[in-house]
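Chemist: Below is the sequence, then the predicted model.
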Amino acid sequence: MQDYFLESLKLQRIDFFLKLVAASECSDEEKGLALQWVSELTDELMAKSEATNTTAQWMSSAEVTFMRIEIMIDKEQKISQSTLDALESELYRNLRPLYPKTVIRIRKGSSNGVELTGLQLDEERKQVMKIMQKVWEDDSWLH
């Protein structure tokens, strides 16, 4: 009984965080945190639900696809913050029509890298990477 209560509470939290993100009344940073919490709660529930399968059925019936993109740019490349902001805006402009619940974080780091979370299919991953590549190569957003 206690496991059922905890699972129900986690599902309520997931629902709350997804509604918070969908409401667009919070900053991108807050949305990123909310999606991270949803991801962590979902991982916990999915791990426990393999035996019972109840959470897996609930998650598969959910019509919410959310995606988080983390881009790290090598700080040695000396790219200005205004350029990073323009890139972020252009990525949102290109990705939000397909993935309305998208959170993008671009930061400077010790190397270049891209991390995508929230996508289940390889085809989706490839499509998002193609869009990101197209945006980067187009560079009309720089002007």
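Modeler: Arrived safely.
Chemist: all strands for this structure, in order.
Modeler: 66-74, 101-109, 113-117 (DSSP state E).
Chemist: Please convert those strands to a markdown table, extending it with mean pLDDT and distance to residue 86.
Modeler: Every C-beta, even on glycine, is put in place using the N, C-alpha and C of the backbone. Below are the strands of the chain laid out as a markdown table (pLDDT from 0 to 100; distance: least, CB to CB, whole Å):
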| stretch | mean pLDDT | distance to residue 86 |
| --- | --- | --- |
| strand 66-74 | 89 | 13 |
| strand 101-109 | 88 | 10 |
| strand 113-117 | 90 | 17 |
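Chemist: For residue 79, which residues are in contact?
Modeler: Counting by CB atoms under 8 Å, 6 or more residues apart in numbering, residue 79 touches 73, 108.
Chemist: re earlier: highest mean neighbour count across the strands of the chain, which stretch is it?
Modeler: Compared across the strands of the chain, strand 66-74 shows the largest average neighbour count, a mean of 19 (mean count of other CB atoms under 10 Å).
Chemist: Show me what it is packed against.
Modeler: Applying 3 or more CB pairs under 8 Å, 6 or more residues apart in numbering; DSSP states H and E, one finds that strand 66-74 contacts helix 28-52, helix 81-95, strand 101-109, strand 113-117, helix 122-138.
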